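Novice: Sequence first, then the predicted structure:
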Amino acid sequence: MSELTRRRLMTALPIIGAGALGVGFWKMLGGMGSGNFDPHAVNAPILNRPVPDFSLPGLPGMGDGFGSDTLKALTQPVLLNFFASWCIPCVAEMPELREIGKRIPIWGIAYKDKPEDSVRFVQRDGSPYQRVASDRSGLTAIDWGVTGVPESFLILPGGRIAWHGTAALSMDTLHTEIQPRLSAAEAGK
Amino acid sequence: MFGPEEGHYALALACILALAQFILPLRGAAKHDRRLLMLAPLLAVSQLIALALSFFCLVWSATHDDFSVQNVAANSAIAKPLLYKITGTWGNHEGSILLWALILGICGAAVAAFGRNLPAILRARVLAVLGGVSAGFQLFCLTTSDPFARVWPAPPDGQGMNPLLQDPGLAFHPPILYTGYVGFAVPFAFAVAALLEGRVDAAWGRWVRPWAVAAWCFLTCGIALGSWWSYYVLGWGGYWFWDPVENASLIPWLTGTALVHSAIVVEKREALKIWTVLLAIATFSFSLSGTFLVRSGILNSVHAFANDPARGIFILGLLALVIGGSLLLFAWRAPSLVAGGMFAPVSREGSLVLNNILLCSICAVVVTGTMYPPFMQLLFGRTISVGKPFFDATTIPLTLPLLGAMAVGTLLPWKRARLSPVLRRLRWGAMAAVVALGIACWSLSGILPILCAVGAVWVIGGSLTDLAGRLGLSHGFSHAWARARSLPRSAFGAAIAHIGVGITVLGLTGMSQAQHAIVEVHVGQTESLAGYEWTLLGVHEEDGPNYHAMIADISVRRHGKLVTVMHPSKRDFAAQHQNTTEVSIRTNLISDIYGVIGDRHGTGANATYVLRLHYNPLAPWMWLGGLIMAIGGGLSLSDRRLRVGAPKRAAQNEEVVAS
């Protein structure tokens, strides 16, 4: 290849790259117009799918962690709650979690948090969680589509995700969002 | 006299003038018509006058509470303080586009005014490109984002401003940041003009660099101010979120930094020409596309303005014309640019090439991290979020060699160098770095923070060595003082800017060791964090002009001795149904003590309050470093040798035009 041809190819690369990006943006804008593409719907596609693969350690003194295999082996529904000791809504959510925990078991994943902080946070007024795991790097949360704590998932027996909530849990949410899905799952059996 | 109709008219007039500024000088350059060429500066100045009038009309409508203007009705209110009535004009989409256009107009007029020693054809082409970009933005403003649109009937009072924006830091953040973004339009215009002309030489590098440095200074200040704002206003104790909007300013900053450095090589050695032209185009393209894609709603961001597909399509079309057009021109003309100035890998040029490679690699990973989520969703229907772990894992390992090379690079001679004498000169810097390693291992946790701290001290040591060497400090202070006055200011500028980088990195390292706690306490209760005892003394309520506030008094003691009493507060803006937190920060420039008050639970004597307490070591250094970088840039900008263009070449071209 001659020197000039090589230079021509090199200098054409930026326009090719920019063109590809441009076509992508064009498609996205079109999708946004017709409702097929929503950049804000971060959590939609994980619904009604098996839980993503992961395996996380537990917190010191609070039993073993768990992973996708544990969730898939479940015979009853659980709520999976991502939390962190540094998150203000998580503080607010705790009393509600203890109430909800009486109706349906809750498992927790501590998100980007020092294990000792998480333990102190969970145990301060009694832990609402049956099992707790620690996701220090936050990489598992990425696969779950978690964008900010607290977020919760309803997991049906067999490890299927039936619901994803991106706000602090409350009794209200339990009645209006979670119970109906549980009943639907029962009916569908 | 200054009503919205006059403003609208002035904007339309500016748009016509900008179109004329785009078309006539290009024709003049093609036909060598002197009269058309001389029209360019005239049109640029008149366009600025029309734009300034238009912007003034918008400010006038806002300060005179003209709620028949939709923009004012939606963003202002009678009760709003006057300062925020003025700054609020750019706190929304329509007004900020007009501000953007105004700053672009100022850049054009500045090229017209200060570019008198440029060759007439080059100046005309630069102004034409700026005119074309201006016309595009003014059309965007007129068609899809009209700030002067009216409502009928006019409401008696406006809806008020987003309370978060009612803050001096954010009021002045957009103009500074936009000046940075828009300032890169000038190097872009120079790059396009050079491609049209088919020639890039040392003189071109010399003209471009001051504009690039000026834009870079503003962008640096704008980013630092934005980060500081999110630190003290948002109340989450952090400074960078890796949000698409934040990345939209970081990406052009990275390529802009590379541009500022590679333009030196063009100027001194006539090498890296094609690369520098590409960087000039890329920097402005990133400035444009980042900010405007956020506005179209494609990039998911907490900062995003209300989105509108019609706007998105207009923006995309505009980007295709500006970016696509310039890159096409680049692909067509750049291969014929003649390369010059050979150099060995170990040389000043070589170190600047390494700097460019590393900066552009960091830029590439930030672009990838930002674009990955929407493209994954488009192509595979998978939604994912890319956050801090990705950016930390990819940018820090690229920053470390950059810090390592920075100290060495400035000491290397041009063309060909040997490393060993330079490394011998750096022995003091190396010793400081070893001491820093000891201190860092003792006080920091984590291998990356330790390496970053050592790198930062190494950079600062290298810059000081460079300065000491230039001043001849080894011959005594009086000798150094005599030399200091004859040394070019740009030499100081570079060293100071590099010291600023070191200080910012030290600040970031310190922040990686920050400690915080979220506690729920009764009045009178004490919590301890980072060796301090924090006591909630009391909470009281107060009414502000347009809000109701809950204010806490928190005493902070260390070993029983009172350090400070903080008053963080929480404001409730009833009109907007919005709350803001007013953080209380006490700093001694080595560390920040940072307190936030959250919700109240319960009432009366049983009430408890959620408090967020932070101890942030070296936090102020992050922004201080940014300011020092900008001061370094400003200092080299004030260097006379940079300002005076190249009169010799200007004279040559006058002849060409005349003949």
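Specialist: Noted; the coordinates are in hand. Numbers count the residues shown, from 1 in each chain, chains lettered A, B, ... in the order given.
Novice: Poorly predicted segments of chain A, please.
Specialist: Applying pLDDT under 70 to chain A flags the ranges A:1, A:38-48, A:188-189.
Novice: the helices in it, which residues?
Specialist: A:3-34, A:68-72, A:88-100, A:115-123, A:139-144, A:171-173, A:179-188 (DSSP state H).
Novice: The stretch 401-550 of chain B now?
Specialist: Listed in chain order, the helices of the stretch 401-550 of chain B (DSSP state H, counting those that start in this stretch) span residues B:419-425, B:427-443, B:447-471, B:477-486, B:489-511.
Novice: Of the ones you listed, which shows the lowest average pLDDT?
Specialist: Among those, helix B:477-486 carries the lowest mean pLDDT, at a mean of 81.
Novice: now it against helix B:489-511, angle please.
Specialist: On the basis of axes from the mean of the first three to the mean of the last three Cα atoms, to 10 degrees, helix B:477-486 is oriented at 110 degrees to helix B:489-511.
Novice: Buried residues, helix B:477-486. List them.
Specialist: B:480, B:484 (16 or more other Cβ atoms under 10 Å in any protein chain shown). Backbone N, C-alpha and C define where each C-beta goes, glycine included.
Novice: Pull the residues that contact that helix.
Specialist: Residues outside helix B:477-486 that contact it (Cβ atoms under 8 Å, 6 or more residues apart in numbering or on different chains): B:470, B:471, B:472, B:473.
Novice: As CSV, could you dump the C-alpha coordinates of that helix?
Specialist: Output in CSV follows, covering the C-alpha atoms of helix B:477-486 (Å, rounded to 0.1, in the frame of the first residue of the first chain):
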residue,chain,number,x,y,z
PHE,B,477,18.7,33.8,44.6
SER,B,478,19.8,37.1,43.3
HIS,B,479,20.9,35.5,40.0
ALA,B,480,17.6,33.6,39.9
TRP,B,481,15.6,36.9,40.4
ALA,B,482,17.5,38.5,37.6
ARG,B,483,16.7,35.6,35.3
ALA,B,484,13.1,35.4,36.4
ARG,B,485,12.4,38.8,34.9
SER,B,486,13.8,37.9,31.5
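Novice: when you compare where the strand or helix carrying residue B:284 runs with where helix A:3-34 runs, what's the angle?
Specialist: Per DSSP states H and E: residue B:284 is located in helix B:273-296. For helix B:273-296 against helix A:3-34, the angle between stretch directions is 0 degrees (the same axes, to 10 degrees).
Novice: on that earlier part again, just the buried residues of the contacts of helix B:477-486.
Specialist: Among the contacts of helix B:477-486, those classed as buried by 16+ other Cβ under 10 Å are B:470, B:471, B:473.
Novice: ok, back up a step: ok, the contacts of helix B:477-486 vs chain A, which is closest?
Specialist: Using Cβ to the nearest Cβ, residue B:470 comes nearest to chain A of these, at 37.7 Å.
Novice: ok so, going back, how about TSV for the buried ones among the contacts of helix B:477-486, with distance to residue A:90 added?
Specialist: What follows is those, written out as TSV (distance: Cβ to Cβ, whole Å):
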residue	distance to residue A:90
B:470	55
B:471	56
B:473	56
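Novice: List the contacts of the most centrally placed residue in chain B.
Specialist: Residue closest to the mean C-alpha point of chain B, counted by Cα atoms, centre = their mean, is residue B:219 at 2.5 Å. Residue B:219 makes contacts with B:177, B:180, B:181, B:183, B:184, B:249, B:252, B:253, B:256, as judged by Cβ under 8 Å, 6+ apart.
Novice: Next, see if stretch B:247-264 gets close to chain A.
Specialist: No. Counting by Cβ under 8 Å from any Cβ of the partner chain, chain A is not contacted by stretch B:247-264; separation bottoms out at 11.9 Å.
Novice: quick one: contacts for the closest residue to residue B:199 other than its chain neighbours?
Specialist: Sequence neighbours aside, residue B:337 is the residue nearest to residue B:199 in space, at 7.5 Å (criterion: Cβ to Cβ, 6 or more residues apart in numbering or on different chains). Residue B:337 makes contacts with B:198, B:199, B:200, B:273, B:274, B:277, as judged by Cβ under 8 Å, 6+ apart.
Novice: now residue B:337: how far from residue B:352?
Specialist: Applying Cβ to Cβ, to the nearest Å, the value for residue B:337 to residue B:352 is 18 Å.
Novice: for residue B:516, same thing?
Specialist: Separation of residue B:516 from residue B:352 (Cβ to Cβ) stands at 40 Å.
Novice: quick one on the thing from earlier: what residues of the helix holding residue B:284 count as buried?
Specialist: Applying a neighbour-count criterion of 16+ other Cβ under 10 Å, one finds B:273-296 buried in helix B:273-296.
Novice: what is the rounded mean pLDDT of that helix?
Specialist: For helix B:273-296, mean pLDDT is 89.
Novice: quick one on the thing from earlier: rebuild the contacts of helix B:477-486 as CSV, extending it with distance to chain A.
Specialist: Formatted as CSV, the contacts of helix B:477-486 follow (distance: Cβ to the nearest Cβ, whole Å):
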residue, distance to chain A
B:470, 38
B:471, 42
B:472, 44
B:473, 45
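Novice: which of those lies closest to residue B:416?
Specialist: Using Cβ to Cβ, residue B:470 is the member of those that lies nearest residue B:416, at 20.6 Å.
Novice: For the closest one, give me its contacts.
Specialist: B:483, B:487, B:491.
Novice: Also residue A:85?
Specialist: For residue A:85, the contact set (Cβ under 8 Å, 6+ apart) comprises A:110, A:113, A:114, A:117, A:118, A:120, A:121, B:518.
Novice: wait, what's in contact with the closest residue to the fifth one other than its chain neighbours?
Specialist: Right, residue A:118. Leaving aside its sequence neighbours, residue A:118 sits nearest to residue A:110 (Cβ to Cβ, 6+ apart; 3.8 Å). With contacts defined as Cβ under 8 Å, 6+ apart, residue A:110 is in contact with A:59, A:83, A:84, A:85, A:118, A:122, A:132, A:133, A:134, A:135, A:136.
Novice: what number of residues lie near the fifth one?
Specialist: Right, the one you point to is residue A:118. 25 (other Cβ atoms under 10 Å in any protein chain shown).
Novice: hang on, isn't it packed against residue A:86?
Specialist: No. In this structure, residue A:118 is not within contact of residue A:86 by Cβ atoms under 8 Å, at 9.8 Å.
Novice: that older thread, which among the contacts of residue A:110 gets closest to chain B?
Specialist: Chain B lies nearest to residue A:85 out of the contacts of residue A:110, by Cβ to the nearest Cβ, at 6.8 Å.
Novice: who's in contact with stretch B:414-421?
Specialist: Residues from elsewhere that reach stretch B:414-421 (Cβ under 8 Å, 6+ apart): B:268, B:269, B:343, B:344, B:346, B:347, B:348, B:349, B:350, B:408.
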